[in-house]
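Participant: pasting the structure only:
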């Protein structure tokens, strides 16, 4: 643990928590570096399959620490490399991350949530490009990820107006995947993460990467990339186990077919 970010393991799930509740989990440079380092370690950890990102107290993340910026903080912006101003937002991980959102996830906090693969939001959750109020640009790939997730028209409205978007609207437009009661977002995200740990990891990770990488490829190249990831999964041997268990009666009638040694 650092002073501003904590990391703990729950089985094969890694929970990363921004620990600045007195700042509504605003991210200063030290916190950005700690988040970046935490997710680099998670990606390299063979004992971890899924990560959950959340915030301490009643906020997910209120964005960049504007007071720190006003006081002259530097070092957030790198032209090259995979360190983003909010920390991990330029990292391309090989494993999924789930955001557990309570309260505000605004400005850079929205961008952190968009970086995650899935978003579970409590009814108290609020998203929004609050940068608009202060003349601060989106520099953690928000202008790219938001249109891809909610569609161009809705993204443009959020980006141009900076208005708040509550949890129910976020669910309706596809910004979040599920809404829970207040105080339950982390519990639900952990349950979902645990479900993901039970699947064949090579197949899930390779399909995830193909879905992410296709955005930057032509149709023909995307198809070839999907085949390449699929062949990698087949080469791992995992794909032979599932059909054999299905033939033996497992996974019928829509039940989840997790690994028999679900971890």
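Facilitator: That came through, no problem. Please read these numbers as outputs of a predicted model, since none were measured by experiment.
Participant: ok so residue 136 is a helix residue?
Facilitator: No. Going by DSSP: H, G, I helix; E, B strand; the rest coil, the assignment for residue 136 is coil, not a helix.
Participant: am I right that it is in contact with residue 70?
Facilitator: No. Using C-beta atoms under 8 Å, residue 136 makes no contact with residue 70, being 11.0 Å away. Where you see a C-beta, it was placed from the backbone N, CA and C, and this is true even at glycine.
Participant: now residue 227: phi and psi?
Facilitator: With angles defined as degrees, to the nearest 10, residue 227 sits at phi -60, psi -40.
Participant: kindly report the same for residue 51.
Facilitator: When read as degrees, to the nearest 10, the backbone of residue 51 gives phi -120, psi 150.
Participant: what does the host helix or strand of residue 148 contact?
Facilitator: Per DSSP states H and E, residue 148 falls inside helix 142-150. Helix 142-150 is contacted by residues 110-111, 114-115, 129, 155-156, 158-159, 173-175, 215 when judged by C-beta atoms under 8 Å, 6 or more residues apart in numbering.
Participant: got a pLDDT number for the residue positioned nearest the centre of the chain?
Facilitator: The chain has residue 116 as the residue nearest its centroid, 1.2 Å off, counting by C-alpha atoms, centre = their mean. In this model, residue 116 is scored at 98, pLDDT.
Participant: not counting sequence-adjacent ones, nearest residue to it?
Facilitator: residue 99 (4.0 Å; C-beta to C-beta, 6 or more residues apart in numbering).
Participant: likewise residue 117?
Facilitator: residue 96 (4.3 Å).
Participant: tell me the contacts of residue 5?
Facilitator: 16-19, 31, 34-35, 38 are the contacts of residue 5 under C-beta under 8 Å, 6+ apart.
Participant: switch to 10 Å and redo it
Facilitator: If you count contacts by C-beta atoms under 10 Å, 6 or more residues apart in numbering, residue 5 has them with 16-20, 25, 27, 30-38, 56, 87.
Participant: look up how far residue 14 lies from the closest residue to residue 226 other than its chain neighbours.
Facilitator: Excluding its sequence neighbours, the residue lying closest to residue 226 (C-beta to C-beta, 6+ apart) is residue 210, at 4.6 Å. For residue 210, the distance to residue 14 equals 23 Å [C-beta to C-beta, to the nearest Å].
Participant: residue 128 now?
Facilitator: Applying C-beta to C-beta, the value for residue 128 to residue 14 is 28 Å.
Participant: and if you look at residue 62?
Facilitator: Residue 62 is 23 Å from residue 14, by C-beta to C-beta.
Participant: and if you look at residue 130?
Facilitator: 28 Å.
Participant: out of those two, which sits in the busier spot?
Facilitator: residue 14 (25 against 20; other C-beta atoms under 10 Å).
Participant: which secondary structure element is home to the more buried one?
Facilitator: strand 13-18.
Participant: what's the first helix or strand after that strand?
Facilitator: That would be, after strand 13-18 and using DSSP H and E, helix 29-44.
Participant: now for that next one, which elements pack on it?
Facilitator: On a contact count with 3 or more C-beta pairs under 10 Å, 6 or more residues apart in numbering; DSSP states H and E, helix 29-44 meets strand 5-10, strand 13-18, strand 50-55, helix 66-70, strand 97-101, helix 108-115.
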